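J.: next come a sequence and a model predicted from it.
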Amino acid sequence: MSQVLSTPDAATIGSKPLCVDLDGTLVKSDTLVDSLLVLVRSHPRLLLQLPGTLLRGKAAFKAFVTSHVELDVLHLPYNRKLLHFLQQERARGRELYLATGADLRLAERVAQHLGIFSGVLGSDGVTNLTGQKKLAILHDRFGQDGFAYIGNSTADLPLLSDASEKMLANPTAALRSSIRKRGIAPSHVFEERANSLPSLGKALRPHQWAKNLLILLPPLLAHERSLPVLGKALLAFVCFCCTASGTYLVNDLLDIDTDRRSSRKRSRPFASGDLAPAIGLIASAALLLLGLTLARVLPIDFLSWLVLYIISTFAYSLYLKRIALLDVLVLSGLYTVRILAGGAATNTPISHWLAGFAIFLFFSLAIVKRFAELEHLRLAGKQLKNGRGYLMTDIEQMRAFGTASAFAAVVVFANYISSQDVIKLYHHPRYLWLIVPFMILWTSRVWLLASRGELNEDPVAFALTDLPSLLMGAVVASIVVFAI
């Protein structure tokens with residue numbers, strides 16, 4: 001059993017060199033995991049080399065990943081409470097050392113960015129600097145004078161037991177339990193991480209489930225009121241909510257580095273370091289499995305559309321989002337797939353009118369989302385660095401594409417009102433003409449707000465929180481009821 005060291009007096013403690021761990025301590029995330037996620041997105045072909053590299057040791061593995069990925073150290077999720085403390089200690093003359101198991105090159109970049117460390121100790125491709133190996137290096141470095149240490153996991157336990165002053169930053173439950181058993185009393189605990197459960201709930205993006213209501217359109221537009229059919233539609237809705245949230249988690253993990261550079265997305269759970277990627281991967285797998293399992297109750301055609309949705313979403317996250325125009329075409333297609341899946345789940349035929357209307361409308365909404373991002377950057381005088389494949393000079397052309405597609409959707413709807421399909425479904429089809437001006441008003445308003453830089457979110461999410469949009473939706477729904 002480890003011996004509990006006596007606590008030095010306060011005057012001695014303050015003069016000891018202070019050594020700080022990086023992963024989970026100074027930074028709320030794990031830089032190796034972050035680097036791997038960036039590697040998957042930017043160099044997926046290198047994944048085949050990872051198992052062989054890992055056989056050469058963890059230090060060699062870290063060196064390989066670091067040599068192929070340049071993690072953005074400027075926007076890492078630093079523990080601000082700890083960083084503020086370190087800056088104060090540095091200002092009063094205390095020596096600070098970054099002592100980490102991360103690759104030395106990455107650690108040096110972090111130290112250079114922060115500018116507060118007197119030295120850096122890290123893994124060098126041969127030695128994985130954690131636990132007892134890190135302790136041995138610190139003994140060689142500081143000798144009998146000793147050192148103070150800040151850690152967060154059980155791997156830091158040997159160092160915390162030996163340190164003259166013991167401090168914790170976002171300690172794991174296992175470390176808390178271990179230090180209690182050993183009678184170690186930390187002098188400081190720097191907590192700065194949100195609870196995992198609410199963070200996971202946020203990462204699932206439940207507000208985006210509203211898009212899956214498109215699944216209900218085919219039976220509703222066909223005036224299908226039977227409970228079995230509506231029950232199938234609701235089950236299909238649940239399947240899409242599960243799989244959509246599963247794909248959102250994967251998308252956020254792959255975008256972790258780029259999200260940190262976005263003023264709007266840096267607070268996402270993975271980007272901010274509030275949610276561990278391992279939890280996201282487990283939750284994603286569970287949700288995808290649940291969605292696919294429930295889908296087996298429905299017709300096989302629905303399962304085919306659901307699988308197509310998952311594959312398309314992953315292809316979009318990994319690669320397609322970086323190809324200009326193809327990205328918005330895929331996004332609009334994912335909306336349309338929901339409608340086709342709803343028809344398949346309820347055995348409701350999809351009219352060519354609904355398909356045409358959906359393609360044009362959702363293509364316009366997908367483009368306005370990209371247009372709004374470009375417009376915000378232009379108004380802020382910032383450079384485009386999200387790797388989407390667009391240029392600032394594309395703004396006017398994007399506006400032309402999007403508005404043309406929006407009015408094409410209106411034209412399709414107007415032609416639909418005059419078709420034989422409407423006469424079969426509505427007793428007063430002429431009332432449907434009242435919907436046309438509201439469609440023109442809503443789509444024009446969305447594009448006007450985007451052009452002013454006032455559209456700050458996904459247009460579908462915007463419609464669900466915007467009062468004028470909700471009022472127009474209520475009026476349109478009333479018109480449909482009167483037309484029936």
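T.: Received, thanks.

J.: just how off-centre is the strand or helix carrying Met398 within its chain?
T.: Assigned by DSSP states H and E, Met398 belongs to helix 395-417. Helix 395-417 sits 31 Å away from the centroid of its parent chain (CA atoms, centre = their mean, to the nearest Å).

J.: now do stretch 359-379
T.: 20 Å.

J.: ditto for stretch 171-189
T.: That offset, for stretch 171-189, works out to 32 Å (CA atoms, centre = their mean).

J.: rewinding a little: report all helices and strands that the helix holding Met398 contacts.
T.: helix 352-380, helix 435-451 (3 or more CB pairs under 8 Å, 6 or more residues apart in numbering; DSSP states H and E). In this view, the C-beta of every residue, glycine as well, is placed from N, C-alpha and C.

J.: deepest-packed of those helices, please.
T.: Of all the helices and strands packed on helix 395-417, helix 352-380 has the most neighbours on average by mean count of other CB atoms under 10 Å, namely a mean of 21.

J.: what helices or strands is that helix leaning on?
T.: helix 217-221, helix 326-346, helix 395-417, helix 435-451, helix 459-465.

J.: deepest of the ones you listed, which one?
T.: helix 326-346 (a mean of 22).

J.: rounded mean pLDDT for that helix, please.
T.: Taken as a whole, helix 326-346 has a mean pLDDT of 94.

J.: could you check the angle that helix makes with helix 352-380?
T.: 150 degrees (axes from the mean of the first three to the mean of the last three CA atoms, to 10 degrees).

J.: can I get the CA coordinates of helix 326-346 in PDB?
T.: Taking C-alpha atoms only, helix 326-346 is exported to PDB below (Å, rounded to 0.1, in the frame of the first residue of the first chain):
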ATOM      1  CA  LEU A 326     -23.000  18.200 -54.500                       C
ATOM      2  CA  ASP A 327     -23.200  18.800 -50.800                       C
ATOM      3  CA  VAL A 328     -26.500  20.800 -51.000                       C
ATOM      4  CA  LEU A 329     -27.900  18.300 -53.500                       C
ATOM      5  CA  VAL A 330     -27.200  15.500 -51.000                       C
ATOM      6  CA  LEU A 331     -28.800  17.500 -48.200                       C
ATOM      7  CA  SER A 332     -31.900  18.200 -50.200                       C
ATOM      8  CA  GLY A 333     -32.000  14.500 -51.200                       C
ATOM      9  CA  LEU A 334     -32.000  13.500 -47.500                       C
ATOM     10  CA  TYR A 335     -35.200  15.500 -47.000                       C
ATOM     11  CA  THR A 336     -36.800  13.800 -50.000                       C
ATOM     12  CA  VAL A 337     -35.700  10.400 -48.800                       C
ATOM     13  CA  ARG A 338     -37.800  11.000 -45.600                       C
ATOM     14  CA  ILE A 339     -40.900  11.500 -47.700                       C
ATOM     15  CA  LEU A 340     -40.200   8.400 -49.800                       C
ATOM     16  CA  ALA A 341     -39.600   6.400 -46.700                       C
ATOM     17  CA  GLY A 342     -42.900   7.600 -45.200                       C
ATOM     18  CA  GLY A 343     -44.700   6.400 -48.400                       C
ATOM     19  CA  ALA A 344     -42.900   3.100 -48.200                       C
ATOM     20  CA  ALA A 345     -43.700   2.600 -44.500                       C
ATOM     21  CA  THR A 346     -47.400   3.200 -45.100                       C
END
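
J.: for Ser405, give its distance to Ala59.
T.: 53 Å (CB to CB, to the nearest Å).

J.: with Gly122 instead?
T.: 10 Å.

J.: related to what we said a few turns ago, just put the helices and strands packed on helix 395-417 in JSON lines and tack on distance to Val238.
T.: Formatted as JSON lines, the helices and strands packed on helix 395-417 follow (distance: least, CB to CB, whole Å):
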{"stretch": "helix 352-380", "distance to Val238": "22"}
{"stretch": "helix 435-451", "distance to Val238": "28"}
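
J.: lowest-confidence stretch among the ones you listed?
T.: Among those, helix 352-380 scores lowest, at a mean of 90.
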